[in-house]
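>>> got a predicted structure here, sequence first:
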Amino acid sequence: MIVRQPVWSGRNIFSAGILLVALFILYWPFLIKLVADWGTNDDYSHGYFIPALTLYFIYHIRDKLRDLTIRPSFFGLFVIVAGLVQLVIGKIGSEFFLQRTSLIIVLYGLVLFFLGWAYLRKLFLPLSYLFFMVPLPAIIWNKIAFPMQLFASALTEKVVYALGIAIYREGNVLHLAETTLEVVAACSGLRSLMTMFALSAALAFLSSLSRWKKIILLLSAAPIAVIANILRLSGTAVLASRYGSEVAQGFLHEFSGIVVFMLGLGMLVAVNTLLSKIGRKI
Amino acid sequence: MRNTIQIFRVIIVLILFGLTWYLLQLTTSVAKISIKKSLSTFPHEIGEYRLSNSFQSSAAVIEMLGVDDYIQYNYVNDQGDIINLYVGYYKAVGVDGGYHSPKNCLPGGGWGIDQIKTQNLDSGIEGRKKSTVSEMLIREGDSYRIVFYWFQNRGRIIASEYWEKIYLVLDALFKGRRDGTFVRVMSIVPGKDLETTRARVKQFSEQVMVLLEDYLPGAKI
């Protein structure tokens, strides 16, 4: 009779610890720059929470992981090497996206090389969640977020006009009688889009909804980000017409990020609840 | 199979990490290449055009663009035709700042893009006699403008944003350079006279492109 050793043996934890520390040292200079980016890039200020959430997801499925058997796969070694090559190329070319995503590739490889396919299947989504912490290259980001921001600005104009406030729009720039909103935003894309996707993905992962409902929940992030931005800009416009441009600009810069976030989170939770209600009827 | 992490695997991976770390120390990432000559000395007379006024962007805009050297000049000729020239130089594109594509910023500023295509110029750089740039027809209400723009990077004239990105990665890898320049030439179309305006902008662009060779680092630094 084969006695199965527990996966969480002291020896295994020690090995895993050494590997993770080594990985951390190797990626240290790249991680520092990434964290600095979260501080300056408003579209990715949610970055701080992503690694913590990934750890939580892994903790969430700990019982399922415990039941698996370790069957290391040598294919993992190729994945690790591929990830490391990507890191070196990214360093030479100063290409941040390559540098940062290489960490995730190496993590896939490590799971495969030490623990095997069964573990990778279970850990794939939690590890892939780390992609949300990496800012997309501008050339891709603009393709997605920019048209959505134009759409949000166009709808904001209609909402504000319907509220009886004089408004004139040039692209993303909204002119009111008292002030002009978002001048620097002429070139920038939809705020909070990625934050909403990161949130909806987390909710989808943790919820017990069926697969198609999880997909709906995930995709709902896009319209929710648009709606939240329309509310933010309309709210600012109303403030500007009531209390003057100082108040409005202050609101826009200090609080609007938080407001968009809270509004978005509220709407996501609402969608989640709605989806779980519908499910019971069917 | 016993549920143990095998030591030899740990050692293999640690060796791989060590090798990678060593390689990373050997490689230097791209250098910041300074402009050959400051754009502030760019000619105030180009052909029949003279400088009429220059614009300074606000500090906030400069910071957002992350541009290392730039000019935005209005040139005017004796007939009163105005041509607007913007040149923005980056020591390392994408590291501290990056181009703001007119495909985004012009619609963001309220301009509709009516037409976008490539345009062949009868001048080039690095001894070439031809080049291809992008041409846009933009409109706000009834006011039309013609915009020519291109990237003048490391000895190449590049019309498209995508090719710019591809060459950027390749040159960063093989030459250790990411310096680059975005050039935009723009003019109002008076009345409906598209062809004359296009010809004016084209001729002006051809001159600017060649003049810029003295300022921008070429294929060789």
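Okay, I see it.

>>> for whatever residue of chain B ends up closest to chain A, which non-adjacent residue is spatially closest?
Nearest residue of chain B to chain A (CB to the nearest CB) works out as B:G110 at 2.4 Å. Every residue, glycine included, has its C-beta placed from N, CA and C. Using CB to CB, 6 or more residues apart in numbering or on different chains and skipping residues adjacent in sequence, the residue nearest B:G110 is A:E170, 2.4 Å away.

>>> mind checking pLDDT for the residue of chain B closest to chain A?
Here the pLDDT value assigned to B:G110 is 76.

>>> A:A186 too?
pLDDT, A:A186: 66.

>>> quick one, what contacts A:G171?
A:G171 sits next to A:L150, A:S153, A:A186, B:L106, B:P107, B:G108, B:G109, B:G110, B:W111 when contact means CB atoms under 8 Å, 6 or more residues apart in numbering or on different chains.

>>> the residue of chain B closest to chain A: which element?
Assigned by DSSP states H and E, B:G110 belongs to neither a helix nor a strand.

>>> neighbours around it, how many?
Using other CB atoms under 10 Å in any protein chain shown, B:G110 has 18 neighbouring residues.

>>> my read: it touches B:E140, true?
Yes - between B:G110 and B:E140 there is a contact under CB atoms under 8 Å: 5.9 Å.

>>> identify the contacts common to these two.
By CB under 8 Å, 6+ apart, the residues touching both B:G110 and B:E140 are A:E170.

>>> output the contacts of A:G171 in JSON lines; the columns should cover distance to A:P126.
Below are the contacts of A:G171 laid out as JSON lines (distance: CB to CB, whole Å):
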{"residue": "A:L150", "distance to A:P126": "35"}
{"residue": "A:S153", "distance to A:P126": "36"}
{"residue": "A:A186", "distance to A:P126": "38"}
{"residue": "B:L106", "distance to A:P126": "42"}
{"residue": "B:P107", "distance to A:P126": "38"}
{"residue": "B:G108", "distance to A:P126": "37"}
{"residue": "B:G109", "distance to A:P126": "42"}
{"residue": "B:G110", "distance to A:P126": "44"}
{"residue": "B:W111", "distance to A:P126": "44"}
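
>>> next, count neighbours for A:L123.
22.

>>> OK, contacts around it?
Counting by CB under 8 Å, 6+ apart, A:L123 has contacts A:I58, A:L65, A:V111.

>>> can you flag the buried ones in those?
A:L65, A:V111 (16 or more other CB atoms under 10 Å in any protein chain shown).

>>> now the strands for chain B?
B:45-46, B:49-54, B:69-76, B:82-90, B:112-121, B:131-140, B:143-153, B:156-158, B:180-189 (DSSP state E).

>>> before we move on, the earlier item: what about the residue nearest to B:G110, neighbour count?
Using other CB under 10 Å, A:E170 is surrounded by 16 other residues.

>>> kindly report the same for B:Q56.
10.

>>> check contacts around the nearest residue to it once chain neighbours are set aside.
Sequence neighbours aside, B:Q72 is the residue nearest to B:Q56 in space, at 8.0 Å (criterion: CB to CB, 6+ apart). Residues near B:Q72 by CB under 8 Å, 6+ apart: B:S54, B:F55, B:Q56, B:S57, B:N84, B:L85, B:Y86.

>>> before we move on, back to that, closest to A:A225 out of the strands of chain B?
strand B:112-121 (24.2 Å; CB to CB).

>>> can you pull the buried residues of the closest one?
So for strand B:112-121, counting by 16+ other CB under 10 Å, buried means B:Q119, B:L121.

>>> over to stretch B:189-206?
Buried-residue list, stretch B:189-206, by 16+ other CB under 10 Å: B:V189, B:T197, B:R198, B:R200, B:V201, B:K202, B:Q203, B:F204, B:S205, B:E206.

>>> what's the answer for stretch A:31-47, then?
For stretch A:31-47, the neighbour count (16+ other CB under 10 Å) marks A:L31, A:L34, A:D37, A:W38, A:D43, A:Y44, A:S45, A:H46, A:G47 as buried.

>>> repeat for stretch A:54-72
Buried, per 16+ other CB under 10 Å, within stretch A:54-72: A:T54, A:F57, A:L65, A:L68, A:I70, A:P72.

>>> look up the closest residue to B:Q6, ignoring the ones flanking it.
Ranked by CB to CB, 6+ apart and with sequence neighbours excluded, the top spatial neighbour of B:Q6 is A:P72, at 6.8 Å.

>>> correct me if wrong: the one you found contacts A:G116.
Yes - with contacts counted by CB under 8 Å, A:P72 reaches A:G116, the gap being 5.5 Å.

>>> related to what we said a few turns ago, tell me the one of the buried residues of stretch A:31-47 nearest chain B?
Proximity of the buried residues of stretch A:31-47 to chain B (CB to the nearest CB) peaks at A:D37, which lies at 11.7 Å.

>>> name the nearest residue to that closest one, sequence neighbours excluded.
Closest residue to A:D37 apart from its sequence neighbours, by CB to CB, 6+ apart: A:P135 at 6.0 Å.

>>> next, the contact list for the one you found, please.
Neighbouring residues of A:P135 by CB under 8 Å, 6+ apart: A:D37, A:N41, A:D43, A:Y44, A:F96, A:F97, A:W141.

>>> my guess is it is in a strand, correct?
No - under DSSP: H, G, I helix; E, B strand; the rest coil, A:P135 falls outside any strand and is assigned coil.

>>> for it, grab phi and psi.
Per-residue torsions, A:P135: phi -60, psi 130 (degrees, to the nearest 10).

>>> what's the spacing between it and A:F96?
Distance, A:P135 to A:F96, by CB to CB, to the nearest Å: 7 Å.
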